[in-house]
Structures are given as structure tokens and as C-alpha cells.
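# with the sequence up front, the predicted model follows.
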Amino acid sequence: MPGLLSDALAWVVIATFAVGALSEDRNESLARYATAGAWVGFAVFWLQLVPHFAFVHKSYVEGILAVAAVPASLYAGYLLWNGRDSLYVLSRAVAAMGLIYLPFETIPAFSLLGVGVPAPRGVLMETVAAQTGFLVQSLGYQPEMIVGEQGYQNTFLFFDGAHRLTVAVVLACTGLGSIAIFAGLIAAVKAPLRRKLRAMAIAVPIIYALNLLRTTFITIAFGKQYMQWFVDEILFLFGSSDPYMVSFFISDRIISQVLAVVVLVGITYLVVRELPELLTVIEDVLFMLTGDEYDLESELGLGRSGA
């Protein structure tokens, strides 16, 4: 996230979603006001992230998704306000996603009774970096692990001749975002705990393992400059003048992010087979995109079992 203002806005929005979720069975009027308002706040949140993704992060995939999220959030709030109560499920999911992700994003290191407590994000980034380093070395590469700009042991150092190349495992490289999405969705639906746990057991290990393969691929491709293809075109496309970044742009911003979308669709299919209640969320998203109602449970032949 770009900074403290964005972090504060995120917490306000997620807190408002949480108020709506907790009010559903107690105060229907408050739940509708709070949840619809939270969707408007969510639109503002994504709007202020567009420049960050598009011009700072230089990610076309994330930039386009952030732009699309603005009208989608406003439309979701409008539909819920006007009586589409099935959107409460998606709203609860957003609240749960935020409560899982934001502590890692926003809680800094601190001291408790004179003992230093590391930031959650630092622990996670260093863990993923260490596991990535193991895989990189297993494939025969020997980069040096150094302390990065954020003060964590999460950065790999390569040399291309005399030129230093560093690639860091940041929070976005840990798979936490995708895990939070599925955990939030699974937590939001009303289904037996046993099936929820089975769904989590499908999603989390797959996401984590594939993410380690992704970070390993990007680290090697960039560190060894294996993808110096269409240099002038890629630099123009991403608004950069550094030719050493071409392998990173191709391996991360193009190949990995496009494949990530495909993988998330596949994981969604596997999770839905275990937890068909999630089809409500997919049906709502399809309705917002097409204006048509869908009954995916019948079309896919998925029944809801009690256990």
C-alpha cells in the first residue's frame, strides 16, 4: 500500500464491513447502512490505489483490476442497498479478508516489556525468502542473501559482470493476498465447519506451494537475466529506462501475474466442489457483470451436503 493514509482508510473500510456483518442478525437497518457505506469506501480505497499499481508498481494486471474494482464496488453497494441481500456473503468475505491481511500490512515491529517483537510482515517475508533461497540453491544457483531496504533478510544479490542485481521478497510475494481471499470467502459462507476446513486444506497449501515456485522462477529469471527479450518494447510498455529490469517485467509482471489469474480460477473450482455455498458469491459477481441471474449449483451439478 502507498502509505499511512491508505492503511488508515483500509482499516476504516474493513471495520465498517465488520460492523455490517455483526449487525445482520441484530439490526437489519444498521447492517444495510453500514455495508452499503463500506462498499462506497471500498471504491474510494481502490481509486486511490490506481496510480500506485499503474505508475509506481508498473503492473498492468493489478492496475486494470484496481480500476475495475471502483465501479464494481459502487455497484455492489447500490445493489445491496436496493435489496440484493445475497451480497451480504461477499461483504462478510471482504471483512474477513481485510482482518487477515491488514495486520501483516500495517502492524510494525514494537517492544513489549523490553523484548523486541518483530513485525508480522517481516517474519512472513523472511520465511518465504528463506524457502525461496532453498529452492534457488537446489537448482544450482548461489545468490547471496542480504538485508534489504525494509531492514529484513529478504533480498537476493546477484552480479551480472560488475553490475549488482537485487530482488526482494516483499509482502505481495508471500501469497498472503491470495490466501486471505480464499480464507475470507470460506469464512463468510454458512456451512459446516468440517467442510470449511477441508476447503481451506485444499486452497492454502496449493497457493503457498505455487507461490514459492513463482518467487523462485522470478528470482532466477531476473537474477540471471534470462528473459532479455524485446528490450526496447518492454521498456516502453512499462515506462522504464533500465534494461536490466526487462527480465523482471517479463517474468513477474507478465508471465507470473497472468498465470496467477488462471491458477486462482482453478483453485476456485476445486474449493467450490468442496464448498458449493461459495457459488452465491460467484453468481453475484456474474450478475454484476452481465445483469443475468445464474443457478450455478444446478448447472454444475453440485449439491450441498451437511458434513
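Right, received. Where do you want to start?
# quick one: end-to-end distance for stretch 240-259.
Length of stretch 240-259, first residue to last, CA to CA, to the nearest Å: 23 Å.
# what's the answer for stretch 215-235, then?
Stretch 215-235 end-to-end distance (CA to CA) = 22 Å.
# now do stretch 288-301
Termini of stretch 288-301 sit 23 Å apart (CA to CA).
# same question for that stretch, mean pLDDT?
For stretch 288-301, the mean pLDDT works out to 86.
# how far off centre is that stretch?
Chain-centre distance of stretch 288-301: 25 Å, with CA atoms, centre = their mean, to the nearest Å.
# could you do stretch 174-190 as well?
The answer for stretch 174-190 is 9 Å, by CA atoms, centre = their mean.
# where is the longest helix in the chain?
Taking DSSP state H as the criterion, the chain has its longest helix at helix 193-223.
# quick one: the helices in the protein, in order.
All helices of the chain, identified by DSSP H, fall at 4-23, 28-51, 60-81, 87-106, 120-138, 176-188, 193-223, 231-237, 246-248, 257-274, 279-290, 296-300.
# which of the ones you listed sits most buried?
helix 246-248 (a mean of 24; mean count of other CB atoms under 10 Å). C-beta: built from backbone N, CA, C; applies to glycine.
# what residues does it touch?
With CB atoms under 8 Å, 6 or more residues apart in numbering as the test, helix 246-248 has contacts from 167, 218, 221-222, 224-231, 234-235.
# check stretch 267-287 too.
With CB under 8 Å, 6+ apart, stretch 267-287 has contacts from 76, 79, 84, 86-87, 89-90, 93, 182, 185-186, 188-191, 195-196, 198-199, 202-203, 206-207, 292-297, 300, 302-304.
# for that stretch, how far is the first residue from the last?
21 Å.
# residue contacts, the residue nearest the centre of the chain?
Residue closest to the average C-alpha location in the chain (CA atoms, centre = their mean): residue 177, at 2.7 Å. Listed by CB under 8 Å, 6+ apart, the contact set of residue 177 reads residue 101.
# now swap in residue 13 and tell me
So residue 13 contacts 38, 41-42, 44-45, 98 (CB under 8 Å, 6+ apart).
# could you list the domains of this protein?
Segmentation of the chain into domains, based on automatic domain parsing, reads 1-106, 120-307.
# re earlier: quick one: which of the helices of the chain is nearest residue 149?
Set against residue 149 and scored by CB to CB, the helices of the chain come closest in helix 120-138, at 11.8 Å.
# show me what that closest one is packed against.
If you count contacts as 3 or more CB pairs under 8 Å, 6 or more residues apart in numbering; DSSP states H and E, helix 120-138 packs onto helix 87-106, strand 144-146, strand 155-160, helix 193-223.
# average pLDDT across that helix?
97.
# next one: it to chain centre, how far?
18 Å.
# list the contacts of that helix.
Contacts of helix 120-138 (CB under 8 Å, 6+ apart): 103-105, 107, 109, 143, 145, 150-156, 168-171, 173-176, 211-213, 215-216, 219-220.
# that one to helix 176-188, inter-axis angle?
For helix 120-138 against helix 176-188, the angle by axes from the mean of the first three to the mean of the last three CA atoms, to 10 degrees is 120 degrees.
# okay, now the closest residue in space to residue 116 that isn't next to it in sequence: neighbour count?
The shortest distance from residue 116 to any non-neighbouring residue, by CB to CB, 6 or more residues apart in numbering, is to residue 109 (6.6 Å). Around residue 109 there are 14 other residues, counting by other CB atoms under 10 Å.
# distance of the closest residue to residue 178 other than its chain neighbours from residue 280?
Once flanking residues are discounted, residue 178 sits nearest to residue 207: 4.9 Å by CB to CB, 6+ apart. Here the criterion is CB to CB, to the nearest Å. By it, residue 207 lies 22 Å from residue 280.
# hmm, who's touching stretch 55-65?
Residues contacting stretch 55-65 (CB under 8 Å, 6+ apart): 2, 50, 53-54, 238-240, 249, 253, 257-258, 261.
# should've said stretch 204-224
So stretch 204-224 is contacted by 128, 131-132, 135-136, 139, 141, 143, 156, 158, 165, 167, 169, 173-175, 178-179, 182-183, 226-227, 247-248, 250-252, 256, 259-260, 263, 267, 270 (CB under 8 Å, 6+ apart).
# avg pLDDT for that stretch?
Mean predicted confidence for stretch 204-224 is 98.
# stretch 161-181 now?
The model assigns stretch 161-181 a mean pLDDT of 95.
# buried ones in that stretch?
Within stretch 161-181, the residues scored as buried using 16 or more other CB atoms under 10 Å are 165, 167-171, 173-181.
# what two of those have the greatest distance between them?
Among these, 165 and 181 lie farthest apart (CB to CB), at 31.4 Å.
# ok, residue 182 touching residue 196?
No: Residue 182 is not in contact with residue 196 according to CB atoms under 8 Å; the separation is 10.9 Å.
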